[in-house]
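Enquirer: kindly generate the corresponding structure for this input.
(one chain, ligands or ions: 1)
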Amino acid sequence: MKLFDVYPLMPVTPVSASGCYVTDNKGEKYLDFYGGHAVISIGHSHPHYTRKITDQLGKIGFYSNAVVNPLQEELAYRLGKFSGCDDYQLFLCNSGAEANENALKLASFANGRKKVVAFYESFHGRTSAAVAATYDPKIITPLNDQHQVEFIPLNDFDRAEDVIDESVCAVIIEGIQGVAGVIEPSDKFLKHIEKLCKKHGALLILDEVQSGCGRTGDYFAHQSSGIKPDVITMAKGIGNGFPIGALMIAPHIKAKHGMLGTTFGGSYLGCAAALAVIEVMEKEKQLLANKTHGKTLIEQLKSLDGVTKITGRGLMIGVHFNEPIAPLRKHLLNEHKIFTGTASDPNIIRLLPPYCITEKEVKKVAKAFSDVSSLIPA
Ligand code: PLP
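Expert: Modelled structure (predicted):
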């Protein structure tokens, strides 16, 4: 049998990884400033993470959600405290799309409505309601098209005011738009839509699948605005590669038996992975490090020739050029052995490294970008 060929592949075959480096089958070592698509948070193969999952597997790896699982309770407690959201309730699932699908469903359960407001250039995943709220007609089929979704421009105060009314079930917005190329809603705009949602009984869903779990230096990107969303969705970094997704649900939304469910979500192994991630982030003070390294890197990249703009915060950075970045990325990969990410905008390179980078890696990347920028004709 052949693989179903849906992924354009980089010509690299990783066979091992440690910290912020990945080694391929030829023994070549790459600096990972892509983080396996923003998934690697604490670092590849962190010894505490590996030990915790391995120990757990030796005890019990899986049982269904029909029994008491103390690791889920411990995770809810620790995640609540660490993120500053301990008044929220936790529902565990397996991926970002599943978290958003459940969040939209929960909003509809809560207010009985079905219209969703989402934003230009958004990405929320590929399941039915999540993909319908994603601004990419190429991945939406007639089956998904049945959802009622209205897209408006990010940071457009007047359009938000016009569109968010009593007919709206939920507004779904990324803490920072990732796939779009690291584009931020302003703090004022987040406050504006929070106010409109409250006024009209719509639920505010913050998709922190990519921008959460400390990547920006705050636990969630939206926290700098001071808003309190009704639902926050997470995945990627919380498991550092182990597939786990989560919804944090505000206390006013009441649970009923059977309203949400999953076979694999919240497994012992997933919880062990997520607990190990919190423990390492706390012990190694990675939130603070993400802020510091991000600032230094942004400072060094912003004055380079050919760079028109830098967006983002912490270790979620968009480097904007005024021409397509494909050859630049290729040069970074082949000559400097650095992985970077793309965006839906072909002129943006996305940087999403693991949180264990040090000044050495920041310098290395700044130097590589300065070499790359010299390739751009003036
Ligand atoms: N939401 C955001 C903001 C994302 O960036 C992604 C994936 O890139 C998703 C949702 C979907 O997550 P998953 O691929 O785990 O379903």
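
Enquirer: going forward, measure contacts between C-alpha atoms and count neighbours the same way
Expert: Will do.

Enquirer: surely Ile278 forms part of a strand?
Expert: No. Counting by DSSP: H, G, I helix; E, B strand; the rest coil, Ile278 is not part of a strand but helix.

Enquirer: list phi and psi for Thr13.
Expert: With angles defined as degrees, to the nearest 10, Thr13 sits at phi -120, psi 90.

Enquirer: who is the closest residue to it other than its chain neighbours paired with across the strands?
Expert: Using CA to CA, 6 or more residues apart in numbering and skipping residues adjacent in sequence, the residue nearest Thr13 is Asp24, 5.2 Å away. For Asp24, the beta-bridge partners are Pro14 (DSSP bridges).

Enquirer: gap between Asp24 and the ligand?
Expert: 24 Å (CA to the nearest ligand atom, to the nearest Å).

Enquirer: does that residue touch Ser18 like I think?
Expert: No. Applying CA atoms under 8 Å, one finds Asp24 not in contact with Ser18, separated by 11.9 Å.

Enquirer: tell me which residues touch the residue nearest to Thr13, please.
Expert: Shown in contact with Asp24 (CA atoms under 8 Å, 6 or more residues apart in numbering): Val12, Thr13, Pro14, Val15, Ser16, Tyr30.

Enquirer: out of those residues, give me the one that has the most neighbours.
Expert: Tyr30 (20 neighbours; other CA atoms under 10 Å).

Enquirer: which phi and psi values does that residue adopt?
Expert: The phi/psi pair for Tyr30 (degrees, to the nearest 10) is phi -120, psi 140.

Enquirer: surely it meets Glu335?
Expert: No. Contact criterion CA under 8 Å: Tyr30 and Glu335 do not qualify, at 10.5 Å.

Enquirer: flag every residue of this protein that's near the ligand.
Expert: Counting by CA under 6 Å from any ligand atom, the residues of the chain close to the ligand are Ser95, Gly96, Ala97, Phe123, His124, Gly125, Glu174, Gly178, Val179, Asp207, Val209, Gln210.

Enquirer: I'd like those residues as TSV, with neighbour count appended.
Expert: What follows is the residues of the chain next to the ligand, written out as TSV (neighbours: other CA atoms under 10 Å):
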residue	neighbour count
Ser95	21
Gly96	27
Ala97	25
Phe123	24
His124	30
Gly125	21
Glu174	26
Gly178	29
Val179	19
Asp207	32
Val209	31
Gln210	31
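
Enquirer: helices - which of these land there?
Expert: Gly96, Ala97 (DSSP state H).

Enquirer: switch the contacts of Asp24 over to CSV; also include pLDDT.
Expert: Shown next, in CSV, are the contacts of Asp24 (pLDDT from 0 to 100):
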residue, pLDDT
Val12, 96
Thr13, 98
Pro14, 98
Val15, 98
Ser16, 98
Tyr30, 98
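
Enquirer: identify, from these, the entry nearest to Thr296.
Expert: Nearest to Thr296 among the contacts of Asp24: Tyr30, at 21.3 Å, using CA to CA.

Enquirer: can you pull the contacts of the closest one?
Expert: Tyr21, Val22, Thr23, Asp24, Leu333, Lys337, Ile338, Phe339.

Enquirer: just the strands in the stretch 151-300 of the chain please.
Expert: With strands called from DSSP state E, counting those that start in this stretch, the stretch 151-300 of the chain shows them at 168-174, 203-207, 231-234, 245-249.

Enquirer: which helices and strands sit right next to the first one?
Expert: With contacts defined as 3 or more CA pairs under 8 Å, 6 or more residues apart in numbering; DSSP states H and E, the packing partners of strand 168-174 are helix 96-111, strand 115-119, helix 187-200, strand 203-207.

Enquirer: single out the most deeply packed of the ones you listed.
Expert: Neighbour counts (mean count of other CA atoms under 10 Å) averaged over each of these peak at strand 203-207, with a mean of 28.

Enquirer: can you list contacts of that one?
Expert: Contacts to strand 203-207, defined as CA under 8 Å, 6+ apart, come from residues 100, 103-104, 107, 124, 169-175, 193-194, 197, 222, 229-234.

Enquirer: partners of it in the sheet?
Expert: Taking DSSP bridges as the criterion, strand 203-207 forms sheet pairs with strand 168-174 (parallel), strand 231-234 (parallel).

Enquirer: make a markdown table out of the contacts of Tyr30 and add pLDDT, secondary structure and distance to His37.
Expert: Shown next, in a markdown table, are these (pLDDT from 0 to 100; DSSP: H, G, I helix; E, B strand; the rest coil; distance: CA to CA, whole Å):
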| residue | pLDDT | secondary structure | distance to His37 |
| --- | --- | --- | --- |
| Tyr21 | 98 | strand | 14 |
| Val22 | 98 | strand | 14 |
| Thr23 | 98 | strand | 17 |
| Asp24 | 98 | strand | 17 |
| Leu333 | 97 | helix | 15 |
| Lys337 | 98 | coil | 17 |
| Ile338 | 98 | strand | 14 |
| Phe339 | 98 | strand | 10 |
